[in-house]
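Enquirer: this one's sequence-less:
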């Protein structure tokens, strides 16, 4: 004669097993990922001139009304460091805002763990940027494509890490 566990014992055990089988939670949205300090490092590839390193340090905060503000210092090999200020507001899955060294508005959308932005740089090229947050919630990848007259003139590939 086999002994059976009482039904009350099976329910918590079954719930625990079901929870363990769930996929990992999606990373926090871009607003939460960028709150606090982040650092990025990667490579810029410019047609006809080659590749060089790029790094950035940033500190983000949420202002009243839900606007994400990121103060960023970008260090690109062969150029003086430059400061950028991002101001992005999310409404549903849509993003709108400004970047201090962009000409005109920044627009975009959030789809799952990807933040996709579009804007025109102060130097002229149009920019498309994809920031993909990793499931660990601590890192992300950044891909930027710069276009003039529809032709890709530069790309940036970098990794972003939360520091705190």
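Expert: Received the coordinates, thanks. Predicted model only: the values in this text are computed from it and were never measured.
Enquirer: how about the helices of this structure, start to end?
Expert: Under the criterion DSSP state H, helices of the chain are mapped to 7-21, 30-33.
Enquirer: Pick out the residue closest to the middle of the chain.
Expert: Centroid check for the chain by Cα atoms, centre = their mean gives residue 131 as the closest residue, at 3.7 Å.
Enquirer: Spit out the contact partners of it.
Expert: 30, 114-115, 117, 140-142, 160 (Cβ atoms under 8 Å, 6 or more residues apart in numbering). C-betas here are computed from N, CA, C, even on glycine.
Enquirer: Just the buried residues of these.
Expert: 30, 115, 117, 140-142, 160 (16 or more other Cβ atoms under 10 Å).
Enquirer: Please flag which of those sit within strands.
Expert: Among the buried ones among the contacts of residue 131, DSSP state E puts 115, 117, 140-142, 160 in strands.
Enquirer: Lowest mean pLDDT across the helices of the chain, which one is that?
Expert: Sorting the helices of the chain by mean pLDDT places helix 7-21 lowest, at a mean of 39.
Enquirer: show me what contacts residue 117?
Expert: 95, 106-108, 127-131.
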